[in-house]
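>>> Generate a structure from the sequence data that follows.
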Amino acid sequence: MLKEFLMIHKDVLPPCYEQVVKASKLVEQEGKSVSDVCKELDISRSTFYKYKDKVFELSSSYAKKAIISFRTEHEKGVLSNILNTISSLNGNILTINQDMPLHNMAYITIALETAELSVSVYELIAQLKKIPKIKEVNLLAFE
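I've put the predicted structure just below:
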């Protein structure tokens, strides 16, 4: 079943897909009518009904594990800061792999459980990018 899905960044998709996701939330969570929501978000009802069960946001309810890679400056405390940030947001570390530093750069891969995160995986990545000495953070996979 997973082979039926693709993970695509929303920047490469037409805006109507994101509008359908917003519309679905408004209908489901706020009890608004489909007609009102479609007018509000400037999408057709046919677009809404065509994609409402096909387009959705990826969240921790869909993925229970994530693999994140890091490129950091090779300095004391960087890995500790990464682990503390993940822990403070209720992430559970499964594995940590750190390659031999090259040209004063460290390469780290962390697998973690995301089911108990207090924020979305995307917010976690945003928080990790704020850590000093981190040059790059990438989401490699969801499971």
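
>>> any idea how far the residue minimising distance to the centre of the chain lies from I68?
The structure's the chain has its C-alpha centroid closest to Y122; by CA atoms, centre = their mean the separation is 3.4 Å. Between Y122 and I68 the distance, using CB to CB, to the nearest Å, works out to 11 Å. To be clear about C-beta, it is placed using only N, CA and C from the backbone, and glycine gets the same treatment.

>>> Walk me through the regions of the chain where pLDDT falls short of the threshold, as ranges.
Scanning the chain with the threshold set as pLDDT under 70 gives 1-4, 58-63.

>>> and it, what are its domains?
With domains defined by automatic domain parsing, the chain comprises 14-57, 65-142.

>>> Can you show me the helices along this protein?
Residue ranges of the helices in the chain, as given by DSSP state H, are 15-30, 34-41, 45-51, 78-88, 121-129.

>>> Need those in JSON lines (columns: distance to L140).
Listed next are the helices of the chain as JSON lines, based on distance: least, CB to CB, whole Å:
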{"stretch": "helix 15-30", "distance to L140": "24"}
{"stretch": "helix 34-41", "distance to L140": "33"}
{"stretch": "helix 45-51", "distance to L140": "27"}
{"stretch": "helix 78-88", "distance to L140": "15"}
{"stretch": "helix 121-129", "distance to L140": "11"}
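
>>> Thanks again, I'm all set now.
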